[in-house]
Structure formats: structure tokens, C-alpha cells
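In: predicted coordinates and the sequence they were generated for:
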Amino acid sequence: MKHVLTIAGSDCSGGAGIQADLKTFSALGTYGMSVITSVVAENTSRVISIHDLPPSVLSDQLDAVFEDIQVDAVKVGMLSDVTIMETVVHKLTFYKPPFIVIDPVMSAKGGQALMKSDALTALIDKIVPLAYILTPNIPEAETMTGLSITTVEDMKIAANRIYSMGSKYVLLKGGHLKGAALDLLYDGNSYTTYSSERILTKNTHGTGCTFSSAITACLAKGLPVEKAIDKAKEYITGAIRHALPIGKGHGPTNHFFSFYR
Ligand SMILES: Nc1ncnc2c1ncn2[C@@H]1O[C@H](COP(=O)(O)OP(=O)(O)O)[C@@H](O)[C@H]1O
Ligand SMILES: Cc1ncc(COP(=O)(O)OP(=O)(O)O)c(N)n1
């Protein structure tokens, strides 16, 4: 069994962050491990508070995992501030895991910030170059590039711009646009699209976390990039199709639908 690590924030309501990542890792037949960056008091409707863990606690968790267990792939999610980013960069540069998938989380569905705005430069200069695959959504790509993205052509221009910031692949997610749920992969040479029908549901809490952790698990299992994204797209589409009407706001993705692993 492959071993997969998520470095992300904790969502106590279980729909996004560490909790979504671990459920995804298990559902895809991998052994999941977690390093918590921040404890977020949130639910399907709102974020109440954010408590960032001290850098030493973050470092200790990373050392505890890496000194003991082989890590086949890493997913990075919420990194709230520059200090947390610098700690993660320091440790991942030292331990050099084979695949690093980075979801540049900036805010929750309700718009509440999960990354401080003054951390944008550190995200671009220090975190993005670590990424094997970077998975921004449309608002994150707009923030990173200053572009307005409303069409697939705009997505191509933005993916190109983000690629030049140093990640090996950019997977720009189109969940926030209208029409089909179309994501665009750019590898520096060509574009590949991954498309599914748009599922009409308000229950989309944790879609980005679920998708990036599914890609990470598939990479750990040895799938090449295009196949890993294909499989993860199939997984996220099923997880949204069967999303759970839990809570008063946006219910979470469902990890227990029937999925051919
Ligand atoms: N309503 C939907 N129906 C089908 N797929 C969706 C829907 N909303 C998002 N997706 C897909 O879920 C994945 C996560 O995308 P997105 O929601 O844009 O990320 P984030 O949660 O980071 O904002 C992408 O593959 C996207 O195309
Ligand atoms: C702790 C934590 N991390 C990340 C998110 C954002 O999750 P994501 O899947 O990108 O989108 P929403 O669920 O917020 O729509 C989060 N909310 N909490």
C-alpha cells in the first residue's frame, strides 16, 4: 500500500481540509497521514475562527512523519501565512518527497480568507516552485495572475502565466465558471482538458480538497499525470454527484459512493 501525506488545515465539520483529504486517501486505497497547519472552526455555512499552529509544531509533525515512514506523495492545502509557508518549504526541500501536489487555498466557499493577503508573494515565489502539480481554482488563478478568467481561452492564458511561476504542471480548475465542469492541464507545451457535466447541487464543500488529494493518491499509486487526473476527475464527479445534504449550507462531498479503484 502506498503512503500519502496531506499538509493542510483542519475542518472540524469534516467536509474540507485534512478530513476530506484523509477520506479520499482511504477511499482510493492508500495509507493517509496528516500534518495540520491550522485549526479552522468552520462548517458548511461559515468560518468562525482560525488558529494557526506554531512553526515548531508544524516542523515536529513533518519530522515525525518523514523520519519514520516512506512518503510516496504529498498534498499541500491551506497555508495561512508566510511563516507557515517558509516552514513547509524548508522541510519539503530537505525531505524531497517524490510528488508534491499543491492546492493554493486562499478562501473558503463563503469567501472567508484562509490565506493572509500578504502571503501571496511567498506563495508565488516559494511554494509554487515546489509543485509537481499546482491546482488553482478560478479565483485563485485570478489573484495569482491579475487576469480576469471567464472563458477557456482565458484559462489557457492564466495557466501559461502560472506555469512560468515554476510548477511542473498547472491544473486550472473550472468549477467556478458556467457550463461544463472543465479543468485545464498545462505542461509547458500543450493543454489537456478534463470535462464532466455540471452537477446541479449546492453541496460542493470540499470539492477542491477532494480533487487534489485524489490526484495525489493516484500519483502515489504510480499512475502517470494524465491518467492520475483522469481517475481523480472520475472520483470528484462521483463524490459531487452523491454529495451529502448535511448541514445548513454547502454539504460535503461523499467518499462512499461506488467507485472502481
Ligand atoms: N457542480 C459541479 N459539477 C461537476 N463538477 C464540479 C462542480 N463544481 C466543481 N466541479 C469540479 O470539482 C473540481 C474542483 O473544482 P473547484 O470547485 O473549482 O475547486 P475549489 O473547491 O478549489 O473551488 C473540479 O474538477 C471541478 O471541475
Ligand atoms: C481547512 C480548509 N482547507 C481548505 C478549504 C477549502 O476547501 P475547498 O475544497 O477548496 O473549497 P470549499 O470547501 O471551501 O468550497 C476549507 N474550506 N477549509
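Out: Received the coordinates, thanks. Ligands and ions are numbered 1, 2, ... in the order given.
In: list the residues that contact the closest residue to Met165 other than its chain neighbours.
Out: Among residues not flanking Met165 along the chain, Val128 sits closest, at 4.6 Å (CB to CB, 6 or more residues apart in numbering). Bear in mind the C-beta positions are built from the backbone N, C-alpha and C, glycine included. Applying CB atoms under 8 Å, 6 or more residues apart in numbering to Val128 gives the contacts 102, 104, 134, 162, 165-167.
In: on the pLDDT front, check Val128 for me.
Out: Looking at Val128, its pLDDT stands at 98.
In: phi, psi of it?
Out: Taking degrees, to the nearest 10, you get phi -50, psi -40 for the backbone angles of Val128.
In: likewise for the one 5 residues further on?
Out: Comment: the main-chain dihedrals of Ile133 come out as phi -130, psi 130, following degrees, to the nearest 10.
In: look through the chain and tell me its longest strand.
Out: Longest strand of the chain, by residue count under DSSP state E: strand 31-42.
In: can you give me the buried ones in that one?
Out: 32-40, 42 (16 or more other CB atoms under 10 Å).
In: next: stretch 81-99.
Out: Of all the residues in stretch 81-99, those buried under the rule 16+ other CB under 10 Å are 81-82, 84-85, 87-89, 91-92, 97, 99.
In: check the stretch 1-150 of the chain for the residue nearest ligand 1 and tell me.
Out: Going by CB to the nearest ligand atom, ligand 1 is nearest to Asn137 of the stretch 1-150 of the chain, at 3.5 Å.
In: tally of neighbours for that residue?
Out: For Asn137, the neighbour count with other CB atoms under 10 Å is 23.
In: give me the pLDDT value at it.
Out: Listed pLDDT for Asn137 reads 98.
In: any idea how far Thr135 is from the residue lying closest to it once chain neighbours are set aside?
Out: For Asn137, ignoring the flanking residues on the chain, the nearest one in space by CB to CB, 6+ apart is Lys173 at 4.8 Å. As defined by CB to CB, to the nearest Å, Lys173 lies at a distance of 6 Å from Thr135.
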